[in-house]
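J.: Got a predicted structure plus its sequence, pasted below:
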Amino acid sequence: NNPTCTASTTTTTSSSSKNKNDNGVRYELHLYAVSAGRVFMFAPKHVGEIFELPHVQGPEGLPVSLEVLSLSPRVFDIYNFFDRDESAKIVEKALKETTETHRMKRSTTGASGYHKNSKRTSENGFDTHGKEAQIVKRRCMHILGFDEYEESLTDGLQVLRYNKTTGYYPHLDWIDDPRKKEEHNYDSEGMGSNRFATILLYMTDLEEGDGGETLFSHGWPAGQAEEDHVQYDDAIKALRESGDVEGILERDSWEETMVAKCRSRLAVRPHSSRAVLFYSQHPDGKPDRSSLHGGCPVITDQPKWAANLWVWNSIRGGFPGSPKNEDVVAKNRAANKSPENNQQKSVKFFNTKSDERMRHAQLFFQDTFWGNYGFDDPPHGINSFKGHKWHVKVDGEIVKTFTIGKEKRQEFHI
């Protein structure tokens with residue numbers, strides 16, 4: 001479903017009348033060829049370049065566009081991507097979530113298992129199938145050049161809350177498994193799959209000096225001349241002289257270090273309904289180490305709310321067809337170790353065509369439309385979780401509800 005050749009338009013000012021509109025703006029069509037087995041990525045030429053995406057519509061019907069903030073790392077502002085209403089509903093659902101796997105709690109790290117990290121002090125939860133989450137996830141995939149939405153190429157929408165003094169030390173979203181200890185093959189340069197793009201959604205207005213920015217520690221502020229770059233020693237000195245974190249953050253702590261870097265390196269300040277895209281891989285699948293990023297500590301009483309979607313270059317772990325380190329799989333099965341991601345349930349929904357009322361049935365997760373479920377439609381294969389409720393609707397009315405149980409593999413029939 002990922003294109004091997006796609007197109008976008010960019011806008012530039014021009015004195016030529018060719019391909020120029022009434023405002024003196026010239027439109028250029030750019031074609032991108034993508035190697036077989038690789039994913040499309042925007043190829044920016046300069047900071048400030050605009051990519052028009054008229055085929056992608058935001059929530060208010062406005063066309064979406066990208067503006068280049070940095071070439072290395074490749075970071076883009078996304079305009080008209082989502083609105084305050086969607087933002088509020090995502091936060092509201094996160095606060096109401098009660099399931100252990102998805103509710104808001106102390107953030108963790110790790111490719112497998114969950115480990116608290118002293119340098120990640122935020123809280124997070126996941127929204128995998130909520131109405132707004134599904135809308136936003138599909139819009140993300142559309143922006144990234146995918147023809148169709150594929151659940152197996154995304155994680156759940158991660159919802160984040162940073163209270164005063166909390167942050168996240170710079171890290172890569174690309175998952176590193178250099179010794180291939182995991183069952184999943186993360187080697188995206190080869191035949192494996194890994195996170196290749198992240199879209200960040202900001203849901204809080206924070207003023208300059210409030211903290212909470214997203215720091216790209218290898219980048220410099222957009223448009224800043226090289227002679228104006230502020231080195232770390234000067235940045236930390238200026239921070240201490242300002243007194244802005246006095247009595248809030250400990251001296252020489254990683255949090256203080258991050259605030260100094262946030263005020264000198266490339267940092268994206270949150271405001272409600274702002275969205276940003278960055279890439280974690282190069283076009284050849286190698287990890288882009290310049291995408292190292294972190295969440296700057298909040299130094300005001302107002303919490304920062306945000307969300308992000310990780311998108312993979314191929315099927316992620318836990319879904320049928322995901323790439324495996326076969327020797328690790330064999331070793332684990334011989335030792336009677338359970339497969340990774342064993343909290344997910346592999347579920348299939350079949351229409352047996354035995355009930356005429358179900359000829360034009362539709363499948364919903366809660367109130368979110370999932371797909372047509374009629375006589376002429378293929379079965380739906382879905383990864384879900386215990387307690388999730390799936391509804392069958394006919395003519396807009398719920399006629400049957402399935403609740404996911406504890407078994408690893410489950411089938412439901414109408």
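T.: Cool, got the structure.

J.: Next one: residue 257 relative to residue 48, how far apart?
T.: Using C-beta to C-beta, to the nearest Å, one obtains 30 Å as the distance from residue 257 to residue 48. Every C-beta, even on glycine, is put in place using the N, C-alpha and C of the backbone.

J.: So which of those two has more stuff around it?
T.: residue 257 (19 against 11; other C-beta atoms under 10 Å).

J.: pretty sure residue 30 belongs to a strand, no?
T.: Yes: Residue 30 forms part of a strand when assessed by DSSP: H, G, I helix; E, B strand; the rest coil.

J.: Is it bridged to anything, and to what?
T.: residue 8 (DSSP bridges).

J.: what's the neighbour count on it?
T.: Neighbours around residue 30, by other C-beta under 10 Å: 13.

J.: Can you give me the pLDDT of it?
T.: Residue 30 is assigned a pLDDT of 74 by the prediction.

J.: cool, residue 122 as well?
T.: Reported pLDDT at residue 122 in the predicted model: 72.

J.: Equivalent analysis for residue 230, please.
T.: pLDDT at residue 230 comes out at 96.

J.: Walking through the stretch 101-250 of the chain, point out its helices one by one.
T.: 131-143, 232-242 (DSSP state H, counting those that start in this stretch).

J.: CA atoms only: put the shortest one into CSV for me.
T.: Once side chains and other backbone atoms are set aside, the C-alpha atoms of helix 232-242 remain, and they are given as CSV (Å, rounded to 0.1, in the frame of the first residue of the first chain):
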residue,chain,number,x,y,z
TYR,A,232,26.2,24.7,25.9
ASP,A,233,28.6,26.4,28.3
ASP,A,234,27.1,29.8,27.4
ALA,A,235,23.6,28.4,27.5
ILE,A,236,23.8,26.9,31.0
LYS,A,237,25.5,30.1,32.2
ALA,A,238,22.7,32.3,30.8
LEU,A,239,20.1,29.9,32.3
ARG,A,240,21.6,30.2,35.8
GLU,A,241,21.9,33.9,35.6
SER,A,242,18.2,34.2,34.6
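
J.: And it, what's buried?
T.: 235, 236, 239 (16 or more other C-beta atoms under 10 Å).

J.: which regions of the stretch 51-200 of the chain sit below the pLDDT cut-off?
T.: Within the stretch 51-200 of the chain, the segments meeting pLDDT under 70 span 101, 106-120.

J.: mind giving me CSV with the buried residues of helix 232-242 and columns for distance to residue 96?
T.: Listed next are the buried residues of helix 232-242 as CSV, based on distance: C-beta to C-beta, whole Å:
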residue, distance to residue 96
235, 41
236, 41
239, 38
